[in-house]
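**Q** Let me see the structure of the following:
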Amino acid sequence: MKYKNIAVIYGSDSSEWEVSCRSGEFTASKIDSDIFNIYEIFARFGNWTLVACTPLGGSRRVIADGERPQIDKTDFSVVLDGVKVKFDFAYIMQHGNPGENGLMQGYLEMLGVPFSSCSSFVSTITFDKFACKNYLRGVDFVKCADDIFIRKGEETSDLAARAVERLGLPMFVKPTDGGSSFGVTKVKTVGEFDEALKAAFSEGRTAMAEQAIVGRELTCAVYFDGKTCHALPVIEIITDHEFFDYDAKYNGFSQEVCPAHIPDSVARNIKETSCKIYRHLGCSGCVRMDYILAEEGLYFLEINTIPGMTSASLVPQMVAAEGLDMKDFLTTIIENS
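**A** Prediction:
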């Protein structure tokens, strides 16, 4: 093994911090403790503490509140029971800021610590939905819905009317960054636009209005095994909600069909498209792409460079459907990121 001490970082400075904790704890529980020491770091608003550890071949030890040692950010280490431990590898499970937008990656890059996700540059690009779509608008293998970029403070009195004229109704108004559908609204009338924009700005300073594409919502994850890119089985997301919102994602108000009931040729195209996007953007680790399959073709929605990894999340379902063992899968990610 290339690494010995694996730090799983979870918690975040965003609205997704609780989901991040669930993802991080699940990931830590599935890393192979027969070959790695596993250290769980809760990191939120600059306070990084060691909350649990699993020694090689041992059982998980949870550290009580008030006794959790601080992480030394100067060299990414911790003193545990009087012994200094330097982390060889970081498995980043922070959804949102700073783990998904490139800040955590930049810190680790400066220290020379390998990590599980895309580089800081790629993470920054892909975290912003508008920027990411602009990297893909010129390609010939996937479509992108029309949209309007909006920066807080630059709104005009006729913005809602212009958005409707250009994009039609319904449309989506969403933050350009963030995840778990926080701040996303499906706008059905022009009168709903301003309130939807306010909700989007509650998550950040930039937003976008986007044409609503009618079709089936599909998702596919890609990872690198050291030699080639592999696409996992495609999942179709079916929900009675207006869209795949937070409630549908995490509170059981959706059906996730894995593998999706689609023709083999369509599944093959989505897998090939996902691998092309992965390579085009320069991704690494495990990345999930979301799409709408419409009558006129496949539309790219967004990319998740740190996809959810709870027991009910999409990627673990894909891994199981592929017939892979989760411990072996995570070892592959660690050894080839």
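**Q** Run the chain-centre distance for stretch 164-180.
**A** 19 Å (C-alpha atoms, centre = their mean, to the nearest Å).
**Q** and that stretch, average pLDDT?
**A** Mean pLDDT, stretch 164-180: 89.
**Q** And stretch 322-335, by the same measure?
**A** Here the average pLDDT along stretch 322-335 is 98.
**Q** what does it rub up against?
**A** Outside stretch 322-335, the residues that touch it by C-beta atoms under 8 Å, 6 or more residues apart in numbering are 1-3, 6, 27, 30-32, 35-36, 89, 91, 116, 223, 225-226, 232-233, 285-286, 316, 319-320. (Each C-beta comes from the backbone N, C-alpha and C, glycine too.)
**Q** Return the set of buried residues in that stretch.
**A** Applying a neighbour-count criterion of 16 or more other C-beta atoms under 10 Å, one finds Leu324, Met326, Phe329, Leu330, Thr331, Thr332, Ile333, Ile334 buried in stretch 322-335.
**Q** Take these and keep only those in helices.
**A** Among those, the ones falling in helices (DSSP state H) are Met326, Phe329, Leu330, Thr331, Thr332, Ile333, Ile334.
**Q** any idea how far Val8 is from the second one?
**A** Meaning Phe329. 15 Å (C-beta to C-beta, to the nearest Å).
**Q** Ignoring the adjacent residues along the chain, who's closest to Val266?
**A** Counting by C-beta to C-beta, 6 or more residues apart in numbering, the nearest residue to Val266 once its immediate chain neighbours are dropped is Leu293, at 7.1 Å.
**Q** I'd like the average pLDDT over the helix or strand containing the one you found.
**A** Secondary-structure assignment from DSSP states H and E places Leu293 in strand 287-294. Across strand 287-294, pLDDT averages out at 97.
**Q** starting at the chain centroid, how far to that strand?
**A** 13 Å.
**Q** next one: the helix or strand encompassing Glu236 to chain centre, how far?
**A** Element membership for Glu236 (DSSP H and E) is strand 235-238. Put simply, strand 235-238 sits 17 Å off its chain's centre (C-alpha atoms, centre = their mean).
**Q** what's the answer for stretch 295-308, then?
**A** The chain centroid and the centroid of stretch 295-308 are separated by 11 Å under C-alpha atoms, centre = their mean.
**Q** So which bits of it are buried?
**A** Leu298, Tyr299, Phe300, Leu301, Glu302, Ile303, Asn304, Thr305, Ile306, Pro307, Gly308.
**Q** where are the low-confidence patches of this protein?
**A** Applying pLDDT under 70 to the chain flags residues 178-180, 241-253.
**Q** hang on, the earlier thing: please name every helix or strand in contact with the strand holding Glu236.
**A** Judged by 3 or more C-beta pairs under 8 Å, 6 or more residues apart in numbering; DSSP states H and E, the packing partners of strand 235-238 are strand 216-224, strand 255-257, helix 314-321.
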